[in-house]
Every structure is written in C-alpha cells, then in structure tokens.
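**Student:** Predicted model and sequence below, questions to follow.
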Amino acid sequence: MVFAMMLIGAVTRLTESGLSMVEWRPLIGWIPPISDAEWQRVFDLYRQTSEYRIDNAGMLLDEFKSIFWWEFIHRLWGRAIGLVFGLPFLFFLVTRRIPQGYAKHLAILLFLGGLQGVIGWWMVKSGFVDRSDVSQYRLAVHLGMAFFILAYLLWLALGLLWPVPRDQKAAPRGVRRMGAWCHAVIFFTVMSGALVAGLNAGLLYNDWPLMGGSFVPADIAALSPGWLNMFENEGTVQFDHRMMAYLTLAVVTFTWVLSRRADLAPRARLSIDCLAGMAWIQAGLGISTLMLMVPLPLAVAHQAGAAISFCLSIWVMKEFRGAR
C-alpha cells in the first residue's frame, strides 16, 4: 500500500493535482463532494489559490474535477493505510501477539504514518502563497519520509516473513560496506529527483547525454549566491540528478563485480544480482522519461523503479549482514 501510495503521489504531482483540495479535514475528508452545490463550493475555494490565477484561470468545473479526484484518492489512500496498519496493530497489541521487540517499532511506524499526513499538508500549504507549485524543499521532505517509512516496513517485514537463515555467513567486510553505499547513493539520487520534480526541471533539457548541446548546462551557475543553484536552478538540479544517477549505476555495478569474486550465500548473491539488473533498467527508464519530455506512464514507471531499487538495496544490506 505504501508502494502504491508513491505511484499515486507521482500521478498527483505530474498532473498538477496536488493543490486542488484547499481544505484539510482529517475526520470528514473521506467523503467527496456529492451535490452540485458542494462541488461549486470546493471549486470556488480553488479559484482563490495562486495556482488558479497563474496557471488555470478560466478553468471549468469539469476540468477541475479531473485534478480534484487524483488529490482526493491520494489523501483517501493515506487514510486507508492508517486503518489497515493501525487497527490490526492495536488488536495484536491488546491480545499480546506481537513478537518480543517489535511493538516499539510498530508504534514508531504508526506515529510516522500520522506525521507523514501532517508533512503532506505542510507541503500543500506552501503552494497557496504567490506560487503555482508546492515548495521543492517540502516535496523532498515528504518524499524522503515516504521512502523512510517504506524502508522501515520492509526491514521489519523481511525479518518476520523471510528471515536470513541462521547458518548464513556475513559477506566479507568490504562487500558489506559497498552494499551500504549502494543504499546511500540510491537514497540521495531519489532526493535529487524530488528537486527535479518540484521544479519541473525534467522539462528543461530533453537531450541526452548532453544538456543543450554540452555536457554541463550553460546556466549551471546562473543564481547568486552560488549554493542556491543546487536547489533552485532547474538546469543545475537536473544536472545533479544525472550525476547522481551515473554514480548510483557505477557504485551498484562495482558492488556486483566485487560480489562475483566473494564467497556469498546464494540468497545474498541473488539480492545483488537483482539490484544490479534493476539499476540498469532504472537508468533506461530515466533516460527515456527525459528524452520523451516526461510522459505520464513513463514518469510513473520511473518513480516505481526508484522505489524498487531502494527496496532491493535494503534486501542486499540485510542479506550481506548474514544471520543475527
């Protein structure tokens, strides 16, 4: 469900639907507009936003509905995740069925899920003031928390459903370190991608491997002070994401080559094989998305590829650690 939430969020962002719901109603937000009067009320609220004035002036009610539904589904799915996680957790807690040591982790996850909802509204609010998009910084925080929750869930789930065999030896120290590096570079590549999405930077340079005819874009240092370019210059942000993608591919491929020479358990070898294959698939998805000017299906597939690569890197780390 969290993985699906990431894809729904990607569609919401790519269709510019995130600012269509001006109100945050945690208790009665399950119910969409039903009557014509209620649809007109929420549309009138949207027409007071800067996004409407800047980008969508003159939008009709039927056009508004098409973006409203994606944001509504995004929020509804978040509430559903809370119920699907929270109610069984309370039941297992009361009936004392939770394995020793897991209760605190599950409680933390429940808290993080609620916090993610607050972060999402904090992000949306940034788009209501003199701009037509949410803050790329807050978008990165929201996406980063989503990936953290996904990692936490997966780490616990692997321990419960598919634990490392008790007799499985740890990978050599150097290989274990490279597995951790794979996870780290994938995460920071994802975060750089959040800035690309927040600034719509993927629409600026759509040639590859060059950017506007050169390897380094001409506007890479257009802003002052210089550090702002890393976060607010569309060309620099896209360049940084490309460089992080190249680094990810290099680190994962190197780790795979290193693993071929190491004494690894079959499951550990399978995990790094899967990660290496996914890394190359993800690179192809990224290049295709860029050169075709971010078509919705490919862009969502690229987001899915990022989440799958991230999950596989967690599996690699767990297998490389051996039995604990």
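**Tutor:** Done, it's in. Residues are numbered from 1 along each chain as shown.

**Student:** Number of residues surrounding A157?
**Tutor:** Residues near A157, counting by other C-beta atoms under 10 Å, number 10. Yep, even glycine has a C-beta here, placed from its N, CA and C like the rest.

**Student:** Identify each buried residue in the helix or strand containing it, please.
**Tutor:** Per DSSP states H and E, A157 falls inside helix 136-161. Residues of helix 136-161 classed as buried: 136, 138-143, 145-147, 149-154, 158-159 (neighbour count, 16 or more other C-beta atoms under 10 Å).

**Student:** After that helix, heading C-terminal, what element do we hit next?
**Tutor:** Criterion used, DSSP H and E; the element after helix 136-161 is helix 173-199.

**Student:** Excluding residues flanking it in the chain, which one is nearest T255?
**Tutor:** Leaving aside its chain neighbours, T255 sits nearest to M178 (4.1 Å; criterion: C-beta to C-beta, 6 or more residues apart in numbering).

**Student:** ok, that neighbour touching W256?
**Tutor:** No. Between M178 and W256 there is no contact under C-beta atoms under 8 Å: 9.3 Å.

**Student:** who's more crowded, these two?
**Tutor:** M178 (23 against 19).

**Student:** Please tell me the pLDDT value assigned to the more buried one.
**Tutor:** What the model reports for M178 is a pLDDT of 97.

**Student:** what's the distance between it and A250?
**Tutor:** Per C-beta to C-beta, to the nearest Å, M178 is found 11 Å from A250.

**Student:** and what of S313?
**Tutor:** The gap separating S313 from A250 is 15 Å, by C-beta to C-beta.

**Student:** More neighbours: those two, which one.
**Tutor:** Looking at S313 and A250 with other C-beta under 10 Å, you find the greater number of neighbours at S313, namely 28 against 12.

**Student:** Please give the element, helix or strand, for the more buried one.
**Tutor:** S313 belongs to helix 296-321 when elements are defined using DSSP H and E.

**Student:** Give me the buried stretch members for that helix, please.
**Tutor:** Neighbour-count burial for helix 296-321, with 16+ other C-beta under 10 Å as criterion, is recorded at 298-321.

**Student:** next one: stretch 276-285
**Tutor:** By neighbour count on 16+ other C-beta under 10 Å, the buried set for stretch 276-285 is 276, 278-279, 282-283, 285.

**Student:** so where's the chain uncertain?
**Tutor:** Scanning the chain for pLDDT under 70 picks out the ranges 27-28.

**Student:** switch to 90 and redo it
**Tutor:** For the chain, the stretches with pLDDT under 90 are 16, 18-19, 22-32, 34, 49-51, 54-56, 125-133, 323-324.

**Student:** residue ranges for the helices of this protein, please.
**Tutor:** Along the chain, the stretches classed as helices by DSSP state H are 2-14, 36-46, 50-54, 61-94, 103-125, 136-161, 173-199, 229-232, 234-260, 266-291, 296-321.

**Student:** Same list (these) but as a markdown table, adding distance to L210.
**Tutor:** Formatted as a markdown table, the helices of the chain follow (distance: least, C-beta to C-beta, whole Å):
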| stretch | distance to L210 |
| --- | --- |
| helix 2-14 | 25 |
| helix 36-46 | 40 |
| helix 50-54 | 32 |
| helix 61-94 | 34 |
| helix 103-125 | 33 |
| helix 136-161 | 24 |
| helix 173-199 | 17 |
| helix 229-232 | 19 |
| helix 234-260 | 10 |
| helix 266-291 | 11 |
| helix 296-321 | 20 |
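
**Student:** closest one to V216 among the ones you listed?
**Tutor:** V216 lies closest to helix 234-260 among these, at 6.7 Å (C-beta to C-beta).

**Student:** on contacts alone, who are the packing partners of the closest one?
**Tutor:** helix 173-199, helix 229-232, helix 266-291 (3 or more C-beta pairs under 8 Å, 6 or more residues apart in numbering; DSSP states H and E).

**Student:** and it, which residues are buried?
**Tutor:** 234-242, 244-245, 248-249, 251-252, 255-256, 258-259.

**Student:** And stretch 108-126, by the same measure?
**Tutor:** Judged by neighbour count using 16+ other C-beta under 10 Å, the buried positions of stretch 108-126 are 109, 112-113, 116-117, 119-120, 123-124, 126.

**Student:** ok, the residues you listed vs E16, which is closest?
**Tutor:** Taking C-beta to C-beta as the measure, E16 sits nearest to V124 out of these, at 12.6 Å.

**Student:** how much space is there between that closest one and L115?
**Tutor:** Applying C-beta to C-beta, the value for V124 to L115 is 15 Å.

**Student:** Which parts of this protein belong to which domain?
**Tutor:** Split into domains by automatic domain parsing, the chain comes to 1-163, 166-324.
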